[in-house]
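Colleague: What follows is a protein structure lacking sequence information:
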Ligand code: GLP
């Protein structure tokens, strides 16, 4: 696991975009794992800017969302499929059909989760997985207690995560209780995991992720087992190391 402490979002986004650019040069048909939350936004801005300058071509790329809310109607502005469309897909030339997400409105949720795992596998697997970090140490929506070997499945959000994410909704009551998320075992199979975290509110989770034991109480700590994980953080997020 490499840990890189950078001055701020601009430098973090630049380094993450460099990794994407190097990957696409080597493999134009690469598979990207797409994270939501506010942390990856500067990366999407940078990728869109580089695409605009002709440096990045996403025409053969496939993207797989990390997670999705359960029960939001299709097209809901806060469904992660919509968020990724707005923040990333519509700003680059990735074909819309190449963007995949777990189906949070499927009538048969376990079948939808299995189908999602199959789709990732059939794509050849995720080459570069972007990740944010929850204040409770979650990645994707793998809350504390998640099995380190877990696959895509339904999870119940803890109150802290619902409160953290309430800023994207009108009120706390509108934040869904259930989500679908790639499992920790799924994430571990990505070829390169790039986690970004900034701000003092992430310092404890960053500490547990990097210096704590590999344990389900801090799901992100599973990245210690990842063969190629890059942790890109700012000084504030690194302040408890
Ligand atoms: C949500 C997402 C996570 C993300 C986390 C942190 O819970 N499901 O993938 O890492 O938010 O969000 P932020 O980057 O806004 O702090």
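Modeller: Yep, it's here. As the structure is a computational prediction, the values presented were derived from the model and not from experiment.
Colleague: Tell me the buried residues in the worst-scoring helix or strand of the chain on mean pLDDT?
Modeller: Here the helix or strand of the chain ranked lowest by mean pLDDT, DSSP states H and E is helix 159-165, holding a mean of 93. For helix 159-165, a neighbour-count test (16 or more other Cβ atoms under 10 Å) marks 161-162, 164-165 as buried. Backbone N, C-alpha and C define where each C-beta goes, glycine included.
Colleague: Can you pick out the most distant pair from those residues?
Modeller: 162 and 164 (7.3 Å; Cβ to Cβ).
Colleague: what's the next secondary structure element after the helix ranked longest in the chain?
Modeller: In the chain, assigned by DSSP state H, the helix with the most residues is helix 9-26. For helix 9-26, the following helix or strand on the C-terminal side (DSSP states H and E) is strand 31-34.
Colleague: which ones are touching residue 78?
Modeller: Contacts for residue 78 (Cβ atoms under 8 Å, 6 or more residues apart in numbering) come out as 69, 72, 168-169.
Colleague: Now for it, which secondary structure element holds it?
Modeller: Counting by DSSP H and E, residue 78 is part of no helix or strand.
Colleague: gap between it and residue 60?
Modeller: Taking Cβ to Cβ, to the nearest Å as the measure, residue 78 falls 29 Å from residue 60.
Colleague: still on that earlier bit, if we look at the ligand, which of the contacts of residue 78 are close to it?
Modeller: Checked against the ligand using Cβ under 6 Å from any ligand atom, the contacts of residue 78 yield no neighbours at all.
Colleague: Where strands are concerned, which of these count?
Modeller: residue 69 (DSSP state E).
Colleague: Ranking by neighbours, what's the top pick from the contacts of residue 78?
Modeller: Neighbour tally across those (other Cβ atoms under 10 Å): the maximum, 25 neighbours, falls on residue 69.
Colleague: wait, it sits on residue 179?
Modeller: Yes: counting by Cβ atoms under 8 Å, residue 179 is a contact partner of residue 69 at 5.5 Å.
Colleague: give the contact list for the residue positioned nearest the centre of the chain.
Modeller: Nearest to the mean C-alpha position of the chain, by Cα atoms, centre = their mean, lies residue 35 at 2.5 Å. Applying Cβ under 8 Å, 6+ apart to residue 35 gives the contacts 66, 129-132, 140.
Colleague: What number of residues are in the vicinity of the residue nearest to it when sequence neighbours are not counted?
Modeller: Spatial nearest neighbour of residue 35, chain neighbours left out: residue 130 (4.4 Å); criterion: Cβ to Cβ, 6 or more residues apart in numbering. Other residues within reach of residue 130 by the criterion other Cβ under 10 Å amount to 28.
Colleague: Help me confirm that residue 130 is found in a strand?
Modeller: Yes: counting by DSSP: H, G, I helix; E, B strand; the rest coil, residue 130 is located in a strand.
Colleague: which residues touch residue 131?
Modeller: 33, 35, 66, 139-140, 187, 193-196, 220.
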